[in-house]
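J.: coords below, sequence missing:
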């Protein structure tokens, strides 16, 4: 029996906490449905979302944003990730850095 894979998330935070959390897997499902209903190519919503996150992170360098993607195990929901950041931002950031993929890091190395 194969284990169900979890979802992929884009996650963005700064020194003050979680700033953005997007379920990429859900966006991809929506893109498939949209592509079946329209003619021609579509630009995936995940591309727009990541671009917006990166633009915000680069434009607001004083906030020391970090933007990552992370695959989570089946059963881990968006609320679980939010609660992780609310309970201990440093532990959450370290976990994401260790297991995720970095798209941008304006991390203040003196933290």
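T.: Yes, it's here. Note that the coordinates shown come from a computational prediction; the quantities given were computed from them, not determined experimentally.

J.: Flag the helix or strand of the protein with the lowest per-element mean pLDDT.
T.: Within the chain, no helix or strand scores below helix 24-37, which has a mean of 70 by mean pLDDT, DSSP states H and E.

J.: After that one, which helix or strand is next? Please name it.
T.: Using DSSP states H and E, the helix or strand that directly follows helix 24-37 along the chain is helix 45-59.

J.: Just the mean pLDDT for that following helix, thanks.
T.: Mean pLDDT, computed over helix 45-59, is 90.

J.: Repeat that for stretch 85-105.
T.: 95.

J.: For that stretch, give me every contacting residue.
T.: Outside stretch 85-105, the residues within contact range by C-beta atoms under 8 Å, 6 or more residues apart in numbering are 10-11, 13, 17-18, 50, 53-54, 57-58, 65-70, 81, 84. For glycine as for every other residue, the C-beta is placed from the backbone atoms N, C-alpha and C.

J.: mind checking how far it is from the chain centre?
T.: Remark: stretch 85-105 is offset 10 Å from the chain centroid, using C-alpha atoms, centre = their mean, to the nearest Å.

J.: I'd like the numbering to begin with 37 instead of 1 from here.
T.: Noted, 37 is the first residue going forward, which turns the last one into stretch 121-141.
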